[in-house]
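In: Sequence and predicted structure, then a few things I'm wondering about:
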Amino acid sequence: MNLATPAAPATAGPDGRRRPSAARRPAVVAAALLGSLALATATAPGALAHDTLIDSSPKDGAELDTAPGEVVLTFSSDIGQGSNAIVVTGPEGENHEEGQVEVDGPEAAIGLGELPAAGEYTVAYRTVSSDGHTLEDEITFSLTEEAVPESGPSPEEEASAQDGDGGGSGAEAEESPAAQSPTDPSNSMLGPVGAVVAGIAVLALIAILVIRMRNRPGAGGGNG
Ligand SMILES: [Cu+2]
C-alpha cells in the first residue's frame with residue numbers, strides 16, 4: 001500500500017523509499033523471465049500434457065456427398081487398449097456405429113452401417129489416453145441429400161408438412177413470399193447485389209462528407 005503513494009514526503013525516510021524503486025527494474029526483468037519460462041513450459045510438448053484428437057475421417061464439421069463406411073479418429077499418441085467407445089448418432093437420434101472399436105496405435109476406428117438420412121451426425125468418443133486419462137469429446141459431420149438413398153423419409157416429411165399447413169393459416173401468409181424468393185434465382189441475385197451497391201454508395205457519401213468537413217475549417221470561415 002505504501003508503494004501507491006509516490007508523492008509522500010520524507011516521513012518514511014528518503015533512502016528507504018528510493019532503494020525499492022531503483023530495485024524495481026531487476027524485479028520486473030526477473031518477473032518477465034519467470035513468465036516466459038512458465039509459458040515455454042506450458043507450450044512445450046511433453047508427457048505432462050493430455051493426448052488430444054489431432055485428426056479424423058470424416059473431419060470435424062465435414063459436409064459429405066458420400067456416406068462414409070467408417071469413422072477413424074487419430075490422437076496425438078497411442079491409445080490404450082480396453083474401454084474405448086465410439087458412438088455415432090444420426091439426425092434422427094439413432095445410432096449407426098457397427099462392430100467393435102479397433103485400435104491401431106494412435107488411431108481408433110469404428111464401422112458404420114448404412115446412413116439413412118441427410119443431416120448432422122455426431123461422433124462421440126471415449127478413449128484411454130497414453131497417460132491413462134480418459135479422453136471424452138465429440139465431433140460432427142453432415143451428409144447432403146446426395147449421400148443418402150432417395151427412398152428415405154420423404155413421404156413422411158410431405159405428410160407432416162401438409163398437416164402443418166392446415167393447422168397454421170396465419171403463418172402461411174408470412175411464409176409464402178419468403179419461401180418463393182429463394183426458388184427465384186433473379187430475386188436471390190438482386191437482393192445481395194443491391195445491398196452491396198447501396199452499402200458502397202453510402203460509404204462513398206460518408207467519405208465525401210468527411211473530406212468536405214475537413215477542408216472547410218482549413219480554408220477559413222469566410223471562404224464560400
Ligand atoms: Cu492426461
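Out: That came in fine, so what should we check first?
In: Okay, strands next: where are they in the chain?
Out: For the chain, the strands defined by DSSP state E cover 53-57, 62-64, 70-75, 85-89, 97-104, 107-112, 119-128, 134-143.
In: The shortest one pairs with which strands, parallel or anti?
Out: Put plainly, it is strand 62-64. strand 134-143 (parallel) (DSSP bridges).
In: related to what we said a few turns ago, so which of the strands of the chain is nearest the ion?
Out: Of all those, it is strand 134-143 that lies closest to the ion, at 8.0 Å by C-beta to the ion. In short, each C-beta sits where N, CA and C put it, glycine included.
In: Now tabulate the strands of the chain in a markdown table and tack on distance to Glu150.
Out: Putting those into a markdown table (distance: least, C-beta to C-beta, whole Å) gives the following:
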| stretch | distance to Glu150 |
| --- | --- |
| strand 53-57 | 26 |
| strand 62-64 | 17 |
| strand 70-75 | 24 |
| strand 85-89 | 22 |
| strand 97-104 | 23 |
| strand 107-112 | 20 |
| strand 119-128 | 15 |
| strand 134-143 | 13 |
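In: Mean pLDDT and mean neighbour count added to these, as a markdown table?
Out: Formatted as a markdown table, the strands of the chain follow (pLDDT from 0 to 100; neighbours: other C-beta atoms under 10 Å):
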| stretch | mean pLDDT | mean neighbour count |
| --- | --- | --- |
| strand 53-57 | 97 | 15 |
| strand 62-64 | 98 | 15 |
| strand 70-75 | 98 | 20 |
| strand 85-89 | 98 | 19 |
| strand 97-104 | 96 | 15 |
| strand 107-112 | 98 | 19 |
| strand 119-128 | 97 | 18 |
| strand 134-143 | 96 | 16 |
